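In: I'll drop the sequence and a predicted model, then ask my questions.
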2 protein chains.
Amino acid sequence: MSKRLQVGLLVFPNITQLDMTGPLQVFTSVPDTDVYLLWKDLEPVNSDTPLIIKPTMTLAECPQLDVICVPGGYGTDALLLDDKVLDFLRRQGATARYVTSVCTGSIVLAAAGLLDGYRAATHWSAREALALLGVTVSTERVCIDRNRITGGGVTAGIDLGLTVVAELVSPLAAQAAQLRLEYNPAPPFNAGSPDTAPAEVLDLMVGRMAGAKARRLEIVAEAAARMLQPG
Amino acid sequence: MSKRLQVGLLVFPNITQLDMTGPLQVFTSVPDTDVYLLWKDLEPVNSDTPLIIKPTMTLAECPQLDVICVPGGYGTDALLLDDKVLDFLRRQGATARYVTSVCTGSIVLAAAGLLDGYRAATHWSAREALALLGVTVSTERVCIDRNRITGGGVTAGIDLGLTVVAELVSPLAAQAAQLRLEYNPAPPFNAGSPDTAPAEVLDLMVGRMAGAKARRLEIVAEAAARMLQPG
């Protein structure tokens, strides 16, 4: 049995690529770690940017993971009702040392039943969705509840990655990755949270995201109903 | 002539993928913007992680850009002596509204002569290399000198992207992107800069990167010598 750390990031059509590429860069900065990009098959999937992502390992062939991480994006809607994906997450979630997510990845973990009785974070626009799935919503940047470590929206994936490395390996390993990635952030504005963004900015984004949010809530309602059905 | 903004990010073998995927996510969050991943051909290039990147546009077919951005990574070494890439950058750099870089991308801009007489930032481990190419080194997170906007290491690409969007479009557009990406960073440690990292962490990373740094400085010396030769 390999002693190398085994880390898997789920990828899927319409993923928000930075949700995945942020923690990917952190995890691959850690020595003696294998990192997999996981999907049903090895055909490239599109993202919400021109970046196309080629999975490196199928769900069926994936080894037992130390860390499973589910990124977010509008593509998570389809995963909420996808038994193949949810079964994979339940199987890995039962044995992984850390079950993690970025952004709306947490609603997928929730639909798989992996957040029952846990607190978790998500993108600010998806907090109602997460609550509908029976999860206690955290507004923390990174929420640690026992071995569930979940991040807020998109860029929270970098903070999540460093937090997981600190828990899994050591604070020294996390700090080394942080220095390598010169993660010394200096946002030019203070608009990164609905609590700090100017009202004009928040209104603009709430408006732009309203249609997608309504569609998500419909699917979440169906996923929540399925969770209540006897297996 | 299209009024859509034209943004191009160079991709290349052994790119540090987060140098590119950070600003990519920011630029694609801006409405009415076309973003290209540029390389000599459309064959996928590897990165310093399991992510493989498929270019979406060749250098030869690239339209005139509003923003050219050169990310970094160990793969920049090979670009320093690559006339096809340097000529492309000189051509676009002559007409682009903003000439930008992340991490060691600035040493490539410098080798193309695009930073002559400018101040610029780079990864902390590459400051000597940038100085050897005749550039005034800035230790700012994002350095703005007229239309040259250059970022520090890796994760500075997100700050750079937001800064460029604010200049190119509007502060409102940049803040909207920041809110969409929930860029409200909260690093779990304060080790993201050589000025703040514990000595033990800095020593570890300086040691790990020493070989690559020495190789880079050899190539930079050759690139600097070429710049002095009459065309």
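Out: Looks like it came in fine.
In: quick check: longest helix of chain A.
Out: Secondary structure assigned by DSSP state H gives helix A:199-228 as the longest helix of chain A.
In: List the buried residues of that one.
Out: Across helix A:199-228, burial judged by 16 or more other C-beta atoms under 10 Å in any protein chain shown covers A:201, A:202, A:204, A:205, A:209, A:216, A:219, A:220, A:223, A:224. Where you see a C-beta, it was placed from the backbone N, CA and C, and this is true even at glycine.
In: Just list the residues touching the last one, thanks.
Out: Spelled out, that is residue A:224. A:132, A:133, A:134 (C-beta atoms under 8 Å, 6 or more residues apart in numbering or on different chains).
In: got it, and the first one?
Out: The contact partners of residue A:201, by C-beta under 8 Å, 6+ apart, come to A:191, B:172, B:175, B:176, B:179.
In: ok, back up a step: filter the contacts of residue A:224 to the buried ones?
Out: A:132, A:133.
In: I'd like the contacts of residue A:224 written out as CSV, with pLDDT, distance to chain B and secondary structure added.
Out: Below are these laid out as CSV (pLDDT from 0 to 100; distance: C-beta to the nearest C-beta, whole Å; DSSP: H, G, I helix; E, B strand; the rest coil):
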residue, pLDDT, distance to chain B, secondary structure
A:132, 97, 20, helix
A:133, 97, 20, coil
A:134, 96, 23, coil
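In: Of the contacts of residue A:224, which is the nearest to residue A:63?
Out: Nearest to residue A:63, judged by C-beta to C-beta, of those is residue A:133 at 28.4 Å.
In: Residue B:215 versus the closest one, what's the distance?
Out: Taking C-beta to C-beta, to the nearest Å as the measure, residue A:133 falls 51 Å from residue B:215.
In: And for residue A:10?
Out: Relative to residue B:215, and taking C-beta to C-beta, residue A:10 is found at 36 Å.
In: Same check on residue A:153?
Out: 38 Å.
In: what do you get for residue A:43?
Out: From residue A:43 to residue B:215 the distance is 36 Å (C-beta to C-beta).
In: go on, residue A:127?
Out: 48 Å.
In: Can you list the residue ranges for helices in chain A?
Out: Under DSSP H, chain A gives helices at A:17-28, A:76-79, A:83-95, A:105-111, A:127-132, A:156-168, A:171-180, A:199-228.
In: wait, what's in contact with residue A:192?
Out: Residue A:192 touches A:155, B:178, B:179, B:181, B:182, B:183, B:184, B:185, counting by C-beta under 8 Å, 6+ apart.
In: between these, which has the most around it?
Out: residue B:178 (31 neighbours; other C-beta atoms under 10 Å in any protein chain shown).
In: Against residue B:151, how distant is that residue?
Out: Relative to residue B:151, and taking C-beta to C-beta, residue B:178 is found at 15 Å.
In: can you list the weak-confidence ranges in chain A?
Out: Low-confidence segments of chain A, defined by pLDDT under 70: A:1-2, A:230-231.
In: Most remote residue from the middle of chain A, which is it?
Out: Seen from the C-alpha centroid of chain A, the residue lying at the greatest distance (C-alpha atoms, centre = their mean) is residue A:200, 28.2 Å away.
In: these two touch, right, that residue and residue B:170?
Out: No - at 11.3 Å, residue A:200 and residue B:170 do not qualify as touching, with contact defined as C-beta atoms under 8 Å.
In: thinking again about what came up before, include distance to residue B:57 when you put the contacts of residue A:224 into JSON lines, please.
Out: Output for the contacts of residue A:224, formatted as JSON lines (distance: C-beta to C-beta, whole Å):
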{"residue": "A:132", "distance to residue B:57": "42"}
{"residue": "A:133", "distance to residue B:57": "41"}
{"residue": "A:134", "distance to residue B:57": "46"}
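In: Looking at the contacts of residue A:224, spot the one nearest residue B:143.
Out: residue A:133 (44.6 Å).
In: Skipping its backbone neighbours, what lies nearest the closest one in space?
Out: Closest residue to residue A:133 apart from its sequence neighbours, by C-beta to C-beta, 6 or more residues apart in numbering or on different chains: residue A:110 at 3.8 Å.
In: Contacts only, for the one you found.
Out: So residue A:110 contacts A:120, A:130, A:133, A:134, A:135 (C-beta under 8 Å, 6+ apart).
In: What is the neighbour count of the nearest residue to the fourth one once chain neighbours are set aside?
Out: With sequence-adjacent residues excluded and distances taken as C-beta to C-beta, 6+ apart, residue A:134 is closest to residue A:116, at 6.6 Å. Residues lying near residue A:116 (other C-beta under 10 Å) number 11.
In: so how many other residues sit close to the residue lying closest to residue A:45 once chain neighbours are set aside?
Out: In space, and not counting its chain neighbours, residue A:45 is closest to residue A:13: 4.7 Å by C-beta to C-beta, 6+ apart. Residues within reach of residue A:13, counting by other C-beta under 10 Å, total 16.
In: same question, the one 3 residues further on
Out: Neighbour count for residue A:16, taken as other C-beta under 10 Å: 28.
In: From what I see, it and residue B:29 are in contact.
Out: No - checked against C-beta under 8 Å, the pair residue A:16 and residue B:29 is beyond contact range at 10.0 Å.
In: coming back round to it: which one of the contacts of residue A:192 is nearest to residue B:163?
Out: residue B:178 (10.9 Å).
In: wait, isn't the closest one in contact with residue A:185?
Out: No - distance between residue B:178 and residue A:185: 11.3 Å, which falls outside the contact criterion (C-beta under 8 Å).
In: joint contacts of these two?
Out: Contacts common to residue B:178 and residue A:185, judged by C-beta under 8 Å, 6+ apart, are absent.
In: contacting residues for residue A:64?
Out: A:6, A:92, A:95, A:96.
In: measure the second one to residue A:38 for me?
Out: Read that as residue A:92. 9 Å.
In: which residues are in contact with both of those two?
Out: By C-beta under 8 Å, 6+ apart, the residues touching both residue A:92 and residue A:38 are A:8, A:62.
In: Disregarding flanking residues, what is the spatial nearest neighbour of residue A:103?
Out: With C-beta to C-beta, 6+ apart, the residue lying closest to residue A:103 is residue A:72, at 2.9 Å.
In: My guess is the one you found contacts residue A:101. True?
Out: Yes - with contact defined as C-beta under 8 Å, residue A:72 counts as touching residue A:101 (7.2 Å).
In: Quick check on the two: which one has the bigger neighbour count.
Out: Between residue A:72 and residue A:101, counted using other C-beta under 10 Å, the more crowded position is residue A:101 (34 against 29).
In: Isn't residue A:107 up against residue A:75?
Out: No - with contacts counted by C-beta under 8 Å, residue A:107 stays clear of residue A:75, the gap being 11.7 Å.
In: More neighbours: which of those two?
Out: When residue A:107 and residue A:75 are compared for neighbours, residue A:107 comes out ahead with 32 against 20, by other C-beta under 10 Å.
In: In contact with that one, which residues are there?
Out: A:72, A:76, A:80, A:122, A:126, A:129, A:130, A:133, A:216, A:220.
In: let's see 10 Å
Out: Residues in contact with residue A:107, defined by C-beta atoms under 10 Å, 6 or more residues apart in numbering or on different chains, are A:70, A:72, A:76-77, A:79-80, A:101, A:115, A:120, A:122-123, A:126-127, A:129-133, A:135, A:216, A:219-220, A:223.
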